[in-house]
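> quick one, fold the following:
(2 chains)
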Amino acid sequence: MTLEVMRYCPAAPNGAQKISYELEDAHQTLLEALITIKTSLDATLSFCSDCRSGVCGSCAMRVNGVEVLACTYQVCDGDTIEPLRHMEVIRDLIVDSESALTFNKKAHAYGSVSIKTPKVTPEEEKKNEFQSACILCASCYSACPVYDVNSNFLGPFALTRNWRYVSDVRETEVEDKIATVQRNGIWDCTLCNECVPVCPVGIAPKQDIVMLRSKSGVMGYMDPSFSTNIGGNFGNDGTPDFGGPAF
Amino acid sequence: MVDVLIIGAGGAALSAALKAKESGARVQVLSKSYPTRAQTCMAQGGINAALAHSDADTVALHVQDTLKSAQGLASPEAVEFMCHEAPNALAWLDSIGVPFSRNANAQIAQRRLGGASNVRACYAQDYTGLKILHTLYDQCNRHNIEFLNERFLLNILTQKVTDEPCCVSGVTALNLRTGDVEAYEARSVIIATGGYSRIYHNHATNATGSTGDGIAAALRAGARLSDMEFIQFHPTALHRSSVLISESARGAGGYLLNADHERFTDELAPRDVVSREILKELERSGAVYLDIRHLGEAFIDEQLPQERKLAQQYENVDPVYELIPIKPAAHYCMGGIEVDAMSQTAVSGLYACGECANHNVHGANRLGGNSLLELIVFGQSAGEQAAQHAQKHQNTCNYEAQLQQDRRFIEGIKYFTNQIDFYEKYRFMGNIFYNNAAIIRDDMGLKAVLAAVRQLQKELPFMGPKDKSATYNTNLVEFIEFGNMVELAEVVLVSAISRKESRGAHFRSDAPQRDDTRFGAHTIAWKEDGVLCLDFIKGVRE
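Residues are numbered from 1 along each chain as shown, chains lettered A, B, ... in the order given. Below you'll find the predicted structure:
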């Protein structure tokens, strides 16, 4: 099988280049294929990986334009491999995740509990079961088109993480967390759904953003663009804004 | 200069960072990747604690089970401390928002793991380690912990003041993004870099980063290592990829079958016993399978969805209809950097916690659910101790010589001749380790592997990275990791050869009995002028 890998090295004069590699056909993950290339064909091919079983979030990249984890994706003949978007490419398939990760702190995505041994029912615990399984692979961040226009957007994983704590019955600083996501946050999302299918653990960040909008509405916040557009008090209940005509 | 510099960014490292910060220290966390991309996230089973709401369980029973599993090599005081602190550790994790699974009374739910006399392991579905690690990371963000990501530890900086023991003063590290060798000064350093199971290459369930870098650096800096020959093997890893199939598959009623599709052992015996039976059967009949077909698709999808997915992804079989080919694989290192009850190594100001350290709580065999517990309890105490040490020791140091030496090393390594492919040698080392220094060992086999490893040490200058680039050179990093593993491989082998008895995970076919008179002691290894020394020492260093 043939794999096309988009390669980039800052020292190389020609910028990013697509390089082809020939591999034997086999039932293998993309990560296994990349390791074969690195250890037997071309030692300079650069990528990150660690757990090789889909839980550490190191090896997210794009195959034919779609975000995947290299360690869980079954590689196919003719696949084109590229690095994630919206982050600076350091080399080949390695991106600088530092800037993306800062949004966790900006979104106040952390627990603030004051009770010593809180009671949580199984139903309450289930509320954020999926959200708390996020592996920070940044696939959703790469897929999100809002970053094409607003690099300060808090983004899908940080907002999901914010909701993970807002929806936690133990949380005592919900007001602060909701206030934090009003600017460059929940209202900047276009609800385009691009983040949902690429999540390797089945989280739907868009849904969490809708929940945060709803919660914000209850707490008296409103969609800033909606209120300026029509000057009224509509739309603050989290109703999706499809950019269509307002009634 | 910071007060406390922590190397690694898994569960132990982040627990230590939070505690050190709480104690008033200036803290930095330096790691070769990013926080949360650590071995901790792969822990599924649970974290042990005898909680107040458990009717039958007590701290005393937890202590008893742990000591039984440790087979005489654990320190009763250390085990007592860990088990006693367990409920506090759980209360703390609960208070920072770890989303534990809950029981009908709205309390933390618990389940029974192998070797436990009671229902004791607290869990968060099948993602216990992942959810603990990520919650700790979120707390680090809340408390503004400074992260130095993508820096690879090279050496620990030490200084010798007259009449005083060797004292730590920071580390040198390779900045992966720039290729520069940098020095990071600190009054205390905590090593929390995980185990060394990857000396078995692909015959390990661990992440590829578990290469023992921190342990090797500590050894070079004058710290002592202990019980390095004790490595736990998990009975059911997928045959091709070594990806772990959880014990829950056997707990739920799965069978182990040989090539003739016959059962051959008690599936629920301790891990070391089952691993040995599987190995014998692999040698005899050529294949061993895990069979869960009789449990039915509905049950599998409800109770074992992860296992079905992993078997399909990595072994290309669907366990609802097919047998899963398995083998035992290296899973956890009981041995590590020797520390006292305060997590202090033989080097003043150098601390260690997590899998890379040996707090003498696992002994010859670790109990399931105790490793996550160890990360939290000893991570916190190491953080506190390191912060206190930093307050008392304000001296600065001249590290220029070591920094220059490490710069020359990184520069010079690119001129290694490359006549020998180190990736090939790494695979070779993993294979001979798996065949001769793993589940069943004997003197002849171990000595043959030792000879091969000493040959590898001599050949290192004829290997080297093919990639000469400064920017994010993963080829170079993997070569240095290989060098660290070759260094530790010698320690594992010399320890295993010297321990002429069988105990827990260390099974010698030529000495199948436990021998407390001669070997009821810790295997202590250290280096003097670059030469490996070894002794058996009873008890814990004062």
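> contacts and neighbour counts: CA atoms only from here.
Noted.
> tally up the residues packed near the residue nearest to residue B:212 when sequence neighbours are not counted, please.
Leaving aside its sequence neighbours, residue B:212 sits nearest to residue B:196 (C-alpha to C-alpha, 6 or more residues apart in numbering or on different chains; 4.3 Å). For residue B:196, the neighbour count with other C-alpha atoms under 10 Å in any protein chain shown is 33.
> try residue B:419
Using other C-alpha under 10 Å, residue B:419 has 11 neighbouring residues.
> report the contact partners of it.
By C-alpha atoms under 8 Å, 6 or more residues apart in numbering or on different chains, the contact set of residue B:419 is B:462, B:463.
> which SS state does it fall under?
Secondary structure, DSSP: H, G, I helix; E, B strand; the rest coil: residue B:419 is coil.
> who's in contact with residue 17?
Went with chain A since none was named. A:6, A:7, A:8.
> actually, chain B is the one I wanted.
Counting by C-alpha under 8 Å, 6+ apart, residue B:17 has contacts B:6, B:27, B:28, B:29, B:140, B:145, B:380, B:383.
> quick check: bridge partners of the third one?
Pointing back at residue B:28 there. Taking DSSP bridges as the rule, residue B:28 bridges to residue B:5, residue B:146.
> wait, residue B:371 touches residue B:45, no?
No. With contact defined as C-alpha atoms under 8 Å, residue B:371 does not count as touching residue B:45 (10.2 Å).
> show me which of the contacts of residue A:17 is closest to chain B.
Within these, proximity to chain B (C-alpha to the nearest C-alpha) peaks at residue A:8, which comes in at 10.8 Å.
> interface residues of the stretch 301-450 of chain B facing chain A?
B:310, B:313, B:314, B:316, B:423 (C-alpha under 8 Å from any C-alpha of the partner chain).
> in chain A, which spans are strands?
Assigned by DSSP state E, the strands in chain A fall at A:2-7, A:17-22, A:60-63, A:66-69, A:80-82, A:89-91, A:94-95.
> rewinding a little: most neighbours, which of the contacts of residue A:17?
residue A:8 (23 neighbours).
> residues contacting it?
Applying C-alpha under 8 Å, 6+ apart, the residues contacting residue A:8 are A:15, A:16, A:17, A:89, A:90, A:91, A:92.
> would you format those as CSV with pLDDT and distance to residue B:155 included?
Output for these, formatted as CSV (pLDDT from 0 to 100; distance: C-alpha to C-alpha, whole Å):
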residue, pLDDT, distance to residue B:155
A:15, 84, 35
A:16, 91, 35
A:17, 94, 36
A:89, 96, 29
A:90, 96, 25
A:91, 97, 26
A:92, 97, 28
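> which of these count as buried?
A:89, A:90, A:91, A:92 (16 or more other C-alpha atoms under 10 Å in any protein chain shown).
> list just the nearest of these to residue B:487.
residue A:91 (29.9 Å; C-alpha to C-alpha).
> verify the stated contact: that closest one with residue B:469.
No. At 10.5 Å, residue A:91 does not count as touching residue B:469 under the criterion of C-alpha under 8 Å.
> which residues sit against stretch A:187-199?
A:66-68, A:139-141, A:143-146, A:153, A:155-156, A:202-206, A:209, A:213, A:223-224, A:240-242.
> which residue packs closest to the spatially most central residue of chain A, ignoring adjacent ones?
Residue closest to the average C-alpha location in chain A (C-alpha atoms, centre = their mean): residue A:140, at 2.6 Å. Sequence neighbours aside, residue A:195 is the residue nearest to residue A:140 in space, at 4.4 Å (criterion: C-alpha to C-alpha, 6+ apart).
> count the residues that sit near the one you found.
24.
> now the stretch 201-350 of chain B against chain A: closest residue?
residue B:207 (4.0 Å).
> so what's that residue up against?
Per C-alpha under 8 Å, 6+ apart, neighbours of residue B:207: A:50, A:51, A:52, B:38, B:39, B:198.
> which SS class is it?
Taken by three-state DSSP, the conformation at residue B:207 corresponds to coil.
> who's in contact with the nearest residue to residue B:431 once chain neighbours are set aside?
Distances taken as C-alpha to C-alpha, 6+ apart put residue B:200 closest to residue B:431, at 6.8 Å, once the chain neighbours are dropped. Contact analysis of residue B:200 by C-alpha under 8 Å, 6+ apart lists B:330, B:429, B:430, B:431, B:433, B:434.
> check residue B:160 too.
B:166, B:167.
> tell me the pLDDT at it?
Residue B:160 carries a pLDDT value of 77.
> what of residue B:541?
At residue B:541, pLDDT is 65.
> with residue B:401 instead?
Model confidence at residue B:401, expressed as pLDDT, equals 92.
> which SS class is it?
Using three-state DSSP, the three-state assignment for residue B:401 comes out as helix.
> that one: neighbour count?
Residue B:401 has 9 nearby residues by other C-alpha under 10 Å.
> swap in residue A:192?
The number of residues packed near residue A:192 is 12, by other C-alpha under 10 Å.
> list the contacts of the residue nearest to the centre of chain A.
A:67, A:156, A:157, A:194, A:195, A:196, A:198, A:199.
> which single one of those is nearest to residue B:94?
Distances from residue B:94 to the contacts of residue A:140, taken by C-alpha to C-alpha, are shortest for residue A:157, at 22.5 Å.
> so where's chain B uncertain?
Scanning chain B for pLDDT under 70 picks out the ranges B:161-165, B:395, B:540-542.
> if we can go back for a sec, out of the strands of chain A, which comes closest to residue B:513?
Using C-alpha to C-alpha, these put strand A:66-69 closest to residue B:513, at 46.7 Å.
> what sits up against that closest one?
A:54, A:57, A:59-62, A:84, A:139-140, A:142-143, A:198, A:200.
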